[in-house]
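sequence first, predicted model second:
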Amino acid sequence: MQEQIFKIVIIGNSAVGKSSLLIRYCDDTFRDIYLSTIGVDFRFKTIKLDGQGIKLQIWDTAGQERFRNITNSYYKGAQGIVIVYDVTNAKSFEDVTKYWMAELSHYADQNVKLMLLGNKIDMATEETRQVSQEMAEQLSKEFNMQHHLVSAKTAEEVENAFLNLARSIYNEKSLREMVHPQQQQLTSNKNKDEKKKVCC
């Protein structure tokens with residue numbers, strides 16, 4: 001069975017940990033110091049779902065405003081988009097609705113699967129946490145997207161989050177492929193009926 005490729009794009013404000021999440025998931029490593037992403041970067045991760053080989057092509061985009069005209073072009077053709085915020089930074093969460101969701105409505109495909117990730121839960125204490133789980137879950141319900149709390153540093157929930165997104169893309173794709181032949185058959189039958197009417 002031929003390997004399928006799913007394109008996933010990671011977005012969010014600068015310094016929320018997008019690159020760290022990508023490297024943790026694909027390479028299972030973490031470095032305390034990272035340079036800001038210039039433009040875009042990407043990595044591949046191969047997984048299996050129901051015995052089917054899936055290659056995830058995961059794009060890491062720059063969060064700085066000066067790069068956004070470049071990065072929004074990468075939404076085209078993406079089957080999954082991961083929006084990352086920092087649970088210790090309220091502005092990074094506010095910008096999910098203020099900026100990122102508005103941008104997706106303009107540039108992303110209508111059927112794209114969305115996932116909201118609250119990163120840096122390893123740093124969240126009662127004093128430092130600025131975004132509650134309830135706030136994030138309410139937002140995720142509003143936009144019909146999955147929500148996970150993760151830590152790129154400790155790897156907590158990172159693999160499970162990406163696997164769940166890949167599973168939702170895979171299920172949606174499988175459903176469309178099941179429906180498509182039925183639509184073709186209906187169209188074919190309709191065309192035959194119309195030809196009969198013309199003939200008679």
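Yep, that arrived.

show me what counts as buried in stretch 119-131.
Across stretch 119-131, burial judged by 16 or more other C-beta atoms under 10 Å covers 119-121, 124, 129-131. C-beta coordinates here come from the backbone N, C-alpha and C atoms, glycine included.

and stretch 142-156, by the same measure?
Quick answer for stretch 142-156 (16+ other C-beta under 10 Å): 145-153, 155-156.

go through the residues you listed and name the one nearest A78.
Nearest to A78 among these is M145, at 13.7 Å by C-beta to C-beta.

checking V131 next. Helix, strand or coil?
coil (DSSP: H, G, I helix; E, B strand; the rest coil).

cool, and I8?
Judged by three-state DSSP, the three-state class of I8 is strand.

wait, isn't it in contact with L165?
Yes. Counting by C-beta atoms under 8 Å, L165 is a contact partner of I8 at 6.8 Å.

mutual contacts of these two, please.
Common neighbours of I8 and L165, using C-beta atoms under 8 Å, 6 or more residues apart in numbering, are 80, 82.

let me see the mean pLDDT of stretch 10-24.
For stretch 10-24, the mean per-residue pLDDT is 94.

the protein: helices as residue ranges?
Per DSSP state H, the chain carries helices over the ranges 18-27, 68-71, 90-95, 101-107, 133-142, 158-199.

partners of D86 in the sheet?
N119 (DSSP bridges).

spit out the contact partners of it.
13, 15-17, 92-93, 118-120, 131.

buried ones only from the residues you listed, please, as a PyMOL command.
Selection of buried members from these for PyMOL, criterion 16+ other C-beta under 10 Å:
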select buried, resi 13+15+16+17+92+93+118+119+120+131
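
could you dump the contacts of D86 to TSV with distance to A108?
Converted to TSV, the contacts of D86 look like this (distance: C-beta to C-beta, whole Å):
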residue	distance to A108
N13	18
A15	23
V16	19
G17	21
S92	19
F93	20
G118	21
N119	21
K120	25
V131	23
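
out of the contacts of D86, which comes closest to C26?
Checking these against C26 by C-beta to C-beta gives G17 as the nearest, at 14.2 Å.
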